[in-house]
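S.K.: any chance you could fold what I've pasted below:
(one chain, ligands or ions: 1)
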Amino acid sequence: MKSNHQHNFDSQTSSIGKFHLQNKTVLIPEMNRIGAHLIAATFRSFDSNARVLKTYTGLDLGKKHTSGKECFPCQVTLGDILLFLKSEQEKLGAAFDPENYLYFLPESDGPCRFGMYNKFQRMVLDSFPGLDRVKIVSITTTDGYSLEGVIEPERMLAFRKASYIAVVVADIMERLLWRIRPYETREGVTDEFIENAMRQMESIFEHNAAENDFGGILAKLEEITGAGRTLIDPAIPRKPLIGIVGEIFLRMHAQSNQDLIRVLERHGAEVVNSSLAEWVNYITYGQLRENKNNFRLDFKQLKFAGLKDHFQKIISFGGDLFYQEMRQKQFYNRARRLLDFEHDHKVGHLEKLLRKEDIFTFDVTTETCLSVAAILQFAKEGYNGVVNVYPFTCMPGMTTSAIVKPVMNRMRVPYLDTPYDGSSQPGRETAIRTFMHQAAQHFQRHGRKGIIQKLAA
Ligand code: SF4
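M.R.: Model prediction:
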């Protein structure tokens, strides 16, 4: 990393954290396109001037200011923020005020490197004169993405609800895209349709989210689903169904995964990517699970001091999870009445499945437990193949691969690992083509029927 400015370690605490959004421009990195835009619209509904950062065009800058050892999503998001701030600086000249911006970068407590992105990016921003005053807003998985200090206390609950709905609606709109596009009546029509639908939905969120008026959002979603259904050519027969799991940024960021879903579709697939809501529910579920475990442990050891706190958290996270799953089901059910796209996994069910098969455990956190369980679930639901997407050297991604490969072999379900680091891999297309050939054979033999198989040891 090139540095022309002294990094002050105090900035790790004074310039990363929970800062109030009011009167600032909130900069949101684009992970999945629709999700980022609906979340930005939700922020705007709560009177903050939020905008989505243009993505992937700053990758050279991201690479220039990293050593190469960082995870790929860190390089991509760093490039996005640097390019934006540099262009703003050039455009506004003396009027550029770094304190007008808040860079929104959630974190996770690891144990892998996601907890270090914001700290590392802080050091890079601090190395540019002026950019040390751009604060990083970081909400964290350790408190279940609490928004305390970011938004007024009396509006916090409304914001949490609205942003969760934004996540669910974005997931559903993506599922519509993947359900319609392989069967579209005219090439390109689904992409145009979904882009246009996203803009309409953005405007509804901007006007209705702060009031938690979800009726209008639901009605719009139904209208979009109904209109999307008409783009399907009924003469095109159903295709092999492929499930995607893996590291959340890579599997959702089309540019980073070199448009994997479209490539799979080109080779004859209908694809379902694991959702963003699954991750949000997993965070809430994890907090609930941890507090239940702590409660049990303290009770057994007769340590009564912490029981009340654990109990309050069980109630609070339990309530959050109940609300999230209830809303998710409501939105999916309403849209699925109009078009038969795939439903989402319930995290509690994934944990039960993992416990039953006894090949991994939720006690080891990170995405591995979600990915391993989701792969098993896809296989049991009759998917014709599964792809694991992750950044090159990603610890949870490689762990998933090591555990799941032999299991998929035994279940005779086609499986493919696709690590990415931004370079083009000449053999990738061939690997995908071979994988899709196997998936097509699986489809011919089993159709899409769930094959509940015992995992032979
Ligand atoms: S999940 Fe993978 S890519 Fe993300 S921080 Fe951890 S190791 Fe890096």
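S.K.: gap between the two ends of stretch 42-60?
M.R.: 31 Å (Cα to Cα, to the nearest Å).
S.K.: quick check: buried residues in it?
M.R.: 42-46, 48-53, 55-56, 58-59 (16 or more other Cβ atoms under 10 Å). In short, each C-beta sits where N, CA and C put it, glycine included.
S.K.: just stretch 417-431 next, same as before
M.R.: Buried residues in stretch 417-431 (16+ other Cβ under 10 Å): 417-420, 422, 428.
S.K.: same check, this time on stretch 353-361
M.R.: Under the neighbour-count criterion of 16+ other Cβ under 10 Å, stretch 353-361 has 353-354, 359-360 buried.
S.K.: filter the buried residues of stretch 417-431 down to the ones in helices?
M.R.: Residues of those located in helices (DSSP state H): residue 428.
S.K.: report the contact partners of the residue in the stretch 151-300 of the chain positioned nearest to the ligand.
M.R.: Using Cβ to the nearest ligand atom, residue 247 is the residue of the stretch 151-300 of the chain that sits closest to the ligand, at 4.9 Å. Taking Cβ atoms under 8 Å, 6 or more residues apart in numbering, we find residue 247 in contact with 73, 367, 389-391, 394, 396-397.
S.K.: which one of these is nearest the ligand?
M.R.: Set against the ligand, the nearest of these by Cβ to the nearest ligand atom is residue 394 (3.1 Å).
S.K.: hmm, the closest one is touching residue 71, no?
M.R.: Yes. With contact defined as Cβ atoms under 8 Å, residue 394 reaches residue 71; the gap is 6.3 Å.
S.K.: overlap in contacts of those two?
M.R.: Common neighbours of residue 394 and residue 71 (criterion: Cβ under 8 Å, 6+ apart): residue 112.
S.K.: what's the neighbour count on residue 104?
M.R.: When counting by other Cβ atoms under 10 Å, one arrives at 23 neighbours for residue 104.
S.K.: re the thing from before, tell me the least confident of the buried residues of stretch 353-361?
M.R.: pLDDT across those is lowest for residue 359, at 91.
S.K.: how close does it get to residue 365?
M.R.: Applying Cβ to Cβ, to the nearest Å, the value for residue 359 to residue 365 is 16 Å.
S.K.: what's the per-residue pLDDT of residue 130 here?
M.R.: pLDDT for residue 130: 89.
S.K.: residue nearest the centroid of this structure?
M.R.: Centroid check for the chain by Cα atoms, centre = their mean gives residue 276 as the closest residue, at 3.8 Å.
S.K.: picking up where we left off before, what would the buried residues of stretch 353-361 look like in a markdown table with secondary structure and distance to the ligand?
M.R.: What follows is those, written out as a markdown table (DSSP: H, G, I helix; E, B strand; the rest coil; distance: Cβ to the nearest ligand atom, whole Å):
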| residue | secondary structure | distance to the ligand |
| --- | --- | --- |
| 353 | helix | 22 |
| 354 | helix | 18 |
| 359 | coil | 20 |
| 360 | coil | 16 |
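S.K.: from these, pick the one nearest residue 299.
M.R.: Nearest to residue 299 among these: residue 354, at 25.3 Å, using Cβ to Cβ.
S.K.: tell me what the lowest-mean-pLDDT helix or strand in the chain is packed against?
M.R.: When each helix and strand of the chain is scored by mean pLDDT, DSSP states H and E, helix 11-14 comes last, with a mean of 76. Under the contact criterion of 3 or more Cβ pairs under 8 Å, 6 or more residues apart in numbering; DSSP states H and E, helix 11-14 touches helix 117-126.
S.K.: ok, the residue lying closest to residue 307 once chain neighbours are set aside - contacts?
M.R.: Spatial nearest neighbour of residue 307, excluding adjacent residues (Cβ to Cβ, 6 or more residues apart in numbering): residue 298 at 5.7 Å. Contacts for residue 298 (Cβ under 8 Å, 6+ apart) come out as 304-307, 310.
S.K.: contact partners for the residue in the stretch 101-250 of the chain that the ligand sits nearest to?
M.R.: Per Cβ to the nearest ligand atom, residue 112 is where the stretch 101-250 of the chain lies closest to the ligand, at 2.9 Å. Applying Cβ under 8 Å, 6+ apart to residue 112 gives the contacts 71, 366, 394-396.
S.K.: among these, who's most crowded?
M.R.: That'd be residue 394 among the contacts of residue 112, by other Cβ under 10 Å, with 27 neighbours.
S.K.: okay, that one and residue 436: tell me how far apart.
M.R.: From residue 394 over to residue 436 the distance is 24 Å, taken as Cβ to Cβ.
S.K.: following the least confident helix or strand of the chain, which helix or strand shows up next?
M.R.: Later in the chain than helix 11-14, the nearest helix or strand by DSSP states H and E is strand 16-17.
S.K.: right, and the helix or strand after that following strand?
M.R.: Next helix or strand after strand 16-17 toward the C-terminus (DSSP H and E): strand 25-28.
S.K.: follow-up on the earlier one: buried residues in the least confident helix or strand of the chain?
M.R.: The neighbour-count check on helix 11-14 (16+ other Cβ under 10 Å) flags 11-12 as buried.
S.K.: what's it in contact with?
M.R.: Helix 11-14 has contacts (Cβ under 8 Å, 6+ apart) with 119, 122, 126, 132.
S.K.: quick one: classify residue 363 as helix, strand or coil.
M.R.: Secondary structure state of residue 363, per DSSP: H, G, I helix; E, B strand; the rest coil, is coil.
S.K.: ok, now how distant is it from residue 378?
M.R.: Per Cβ to Cβ, residue 363 is found 23 Å from residue 378.
S.K.: repeat for residue 112
M.R.: The separation that residue 112 has from residue 378, given Cβ to Cβ, amounts to 23 Å.
S.K.: which residue sits closest to residue 338, ignoring its sequence neighbours?
M.R.: residue 225 is the one closest to residue 338 (Cβ to Cβ, 6+ apart), at 4.4 Å.
S.K.: number of residues surrounding the one you found?
M.R.: So residue 225, with other Cβ under 10 Å, has 23 neighbours.
S.K.: off-centre distance for stretch 62-82?
M.R.: A distance of 19 Å separates the centroid of the chain from that of stretch 62-82, by Cα atoms, centre = their mean, to the nearest Å.
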